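Student: Using only what follows, build the 3D model:
(one chain, ligands or ions: 1)
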Amino acid sequence: MPTALIRRPSSRLAEGLVTHIERRPVDLGLAFEQWQRYVDALHDTGWRTVEVPAIDECPDSVFIEDTMVVYGDLAMIARAGADERRAEAEAAEATVLEQGYRIARINEPGTLDGGDVLKIGSTIYVGQGGRTNAAGIQQLRDAFAPLGAEVRAVPVQKVLHLKSAVTALPDGTVVGYEPLVDDPAAFDAFRAVPEEAGAHVVLLDDDRLLMAASAPKSAQLFEGLGYRPVVVDISEFEKLEGCVTCLSVRLRR
Ligand SMILES: NC(=O)NCCC[C@H](N)C(=O)O
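Tutor: Residues are numbered from 1 along each chain as shown. Coordinates of the predicted model:
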């Protein structure tokens, strides 16, 4: 059974960082409900979840995906591009170690957020932009090249993270909302979707895609391609530039 790491939202969630969009008030009660439904959707589709202990003093800690990049048997612990988020990594490292992964770490001066990393087979795209720098990319390449991965840097300027702009379907096609993709030609196969949140899919299995309720037209598009969207409302996390990918770390080994 595949495992996903998750982290309960902080009671200070509403103070989370906002960079590219205007701040809107977050309904904390609704956020907790939406988080629970997100976790339920994972369970309903055959995933086991493991909770990283919550860290109340970090408002953005629910966005657990940013704390690491896992490839093969190696978990590369990130060094957050935003100082406010550095403390999130420690407990996440301990939890992934308990799951049997080897550990490596991004070290100073490198910075990297897990949300900037998109894996498609043995190709690992890394967004270089606001949160991830060249030293971080170099360290990621050094760590994963021995495992057979090719790390390719791509620009990210228009959104927070690479995976805010693009993710990939099970067949490897990269999907993105074109106005927010810096360089669609950087990817071997690119398909445009009609909504910003339509660019965010979590691969639940070979044909089911976890998606946000804010992208109904994109869900229809994917249905037309033979996939089955599983839809969750994550409006309160979207107000903080979060998406379906960043609320879990999928351990697929
Ligand atoms: N991987 C992701 O898309 N993470 C979202 C992080 C949102 C959080 N408010 C941040 O600015 O770091």
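
Student: need the helices for the stretch 151-253 of the chain, in chain order.
Tutor: 162-165, 216-224, 235-238 (DSSP state H, counting those that start in this stretch).

Student: right, and L162 touches G115 too?
Tutor: Yes - counting by C-beta atoms under 8 Å, G115 is a contact partner of L162 at 7.0 Å. For glycine as for every other residue, the C-beta is placed from the backbone atoms N, C-alpha and C.

Student: So which of the helices of the stretch 151-253 of the chain is the most surrounded?
Tutor: Here the criterion is mean neighbour count by mean count of other C-beta atoms under 10 Å, and of the helices of the stretch 151-253 of the chain the winner is helix 162-165, at a mean of 28.

Student: Run through the neighbouring helices and strands of that helix.
Tutor: strand 117-120, strand 123-128 (3 or more C-beta pairs under 8 Å, 6 or more residues apart in numbering; DSSP states H and E).

Student: So which of the ones you listed is nearest the ligand?
Tutor: Each of the helices and strands packed on helix 162-165 has some distance to the ligand by C-beta to the nearest ligand atom; the shortest is strand 117-120, at 9.2 Å.

Student: Run through the residues of the stretch 1-150 of the chain sitting next to the ligand.
Tutor: Within reach of the ligand by C-beta under 6 Å from any ligand atom, the stretch 1-150 of the chain has these residues: G16, L17, T19, D60, F63, E65, D66, A82, R85, G115.

Student: show me where pLDDT drops low in the chain?
Tutor: Along the chain, the model assigns pLDDT under 70 to no residue.

Student: Report the closest residue of it relative to the ligand.
Tutor: For the chain, C-beta to the nearest ligand atom, closest residue to the ligand: G115, 2.3 Å.

Student: Mind checking the helices of the stretch 151-253 of the chain for the one nearest to T132?
Tutor: helix 162-165 (8.0 Å; C-beta to C-beta).

Student: does that closest one come close to the ligand?
Tutor: Yes - residues of helix 162-165 are located near the ligand by C-beta under 6 Å from any ligand atom, namely K163, S164.

Student: Could you double-check that I120 lies in contact with G172?
Tutor: Yes - under the criterion of C-beta under 8 Å, I120 makes contact with G172 at 5.1 Å.

Student: Looking at the two, which is more packed in?
Tutor: I120 (18 against 12; other C-beta atoms under 10 Å).

Student: what's the spacing between the more buried one and L13?
Tutor: 31 Å (C-beta to C-beta, to the nearest Å).

Student: what do you get for S122?
Tutor: Using C-beta to C-beta, we find S122 at a distance of 36 Å from L13.

Student: what about those two, which has more around it?
Tutor: L13 (25 against 12).

Student: give the contact list for the more buried one.
Tutor: V26, L28, A31, P59, D60, V62, E236, L240 (C-beta atoms under 8 Å, 6 or more residues apart in numbering).

Student: Now do the strands in the stretch 101-250 of the chain.
Tutor: For the stretch 101-250 of the chain, applying DSSP state E, counting those that start in this stretch gives strands covering 102-105, 117-120, 123-128, 150-155, 166-168, 174-176, 190-192, 202-203, 208-212, 228-232, 249-251.
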